[in-house]
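# Sequence and predicted structure are below.
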Amino acid sequence: MYVIASFKQDKNLERALAELEYNGFSNQRILALPLDTRTEQIHYISNQKKLFLFTPIFGTILSLFGIIYGFVFVWGPIFWGLIGIALGLGIGFTIDFLSAKKSKQKYNQEQIFTEVFLMIHCSKDQVGKVKDILWSWYSLGVTTYENKKEMPY
């Protein structure tokens, strides 16, 4: 029977490994697999979709106000509607651009930890004890796997 858990690569992983070894699980029964991290910059498409969120809203609202108040002003509703849409698109694009730039800076400042998978080979009666140890050290997830047939290798 195997117990598989995932951890962030931090002190809780080391403490969980130490407690497993203290409870009688030798190094030969524990397999730790760290995942590789990306080295190149990650570009999310969701930021590009958010880039034009406020632009059409502000353009529509200000063009509507330009048309409405254009009946009162000198140049007429068509000209004031065009001024309103240009002004609204400019304001909306500025807001979208600044919010996308802020979210990109926020993502770049986050520290990315690698994830480590632990695979512990144990008997069925030890599964509960192993799970309790892993959960007590803040594992991200824990599952069990029972190999019902032997692999021919």
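Happy to help now that I have it.
# Only C-alpha atoms from now on, for both contacts and neighbour counts.
OK.
# quick one: low-confidence ranges for the chain?
Applying pLDDT under 70 to the chain flags residues 38-51, 103-114, 149-153.
# Show me how it divides into domains.
2-36+114-145, 45-109 (automatic domain parsing).
# can you list those domains in JSON lines and add mean neighbour count?
Output for the domains of the chain, formatted as JSON lines (neighbours: other CA atoms under 10 Å):
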{"stretch": "domain 2-36+114-145", "mean neighbour count": "16"}
{"stretch": "domain 45-109", "mean neighbour count": "16"}
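# Which helix or which strand is home to the residue of the chain lying at maximal distance from its centre?
Relative to the average C-alpha location in the chain, and by CA atoms, centre = their mean, no residue lies farther out than Val74, which sits at 52.6 Å. Per DSSP states H and E: Val74 is located in neither a helix nor a strand.
# which residues does Tyr2 contact?
119-122, 144-147 (CA atoms under 8 Å, 6 or more residues apart in numbering).
# Using JSON lines, lay out those together with secondary structure and distance to Pro34.
Below are these laid out as JSON lines (DSSP: H, G, I helix; E, B strand; the rest coil; distance: CA to CA, whole Å):
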{"residue": "Met119", "secondary structure": "strand", "distance to Pro34": "11"}
{"residue": "Ile120", "secondary structure": "strand", "distance to Pro34": "15"}
{"residue": "His121", "secondary structure": "strand", "distance to Pro34": "18"}
{"residue": "Cys122", "secondary structure": "coil", "distance to Pro34": "21"}
{"residue": "Thr144", "secondary structure": "strand", "distance to Pro34": "19"}
{"residue": "Tyr145", "secondary structure": "strand", "distance to Pro34": "19"}
{"residue": "Glu146", "secondary structure": "coil", "distance to Pro34": "22"}
{"residue": "Asn147", "secondary structure": "coil", "distance to Pro34": "23"}
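# where exactly do the helices run in the protein?
11-22, 45-50, 55-70, 77-109, 127-136 (DSSP state H).
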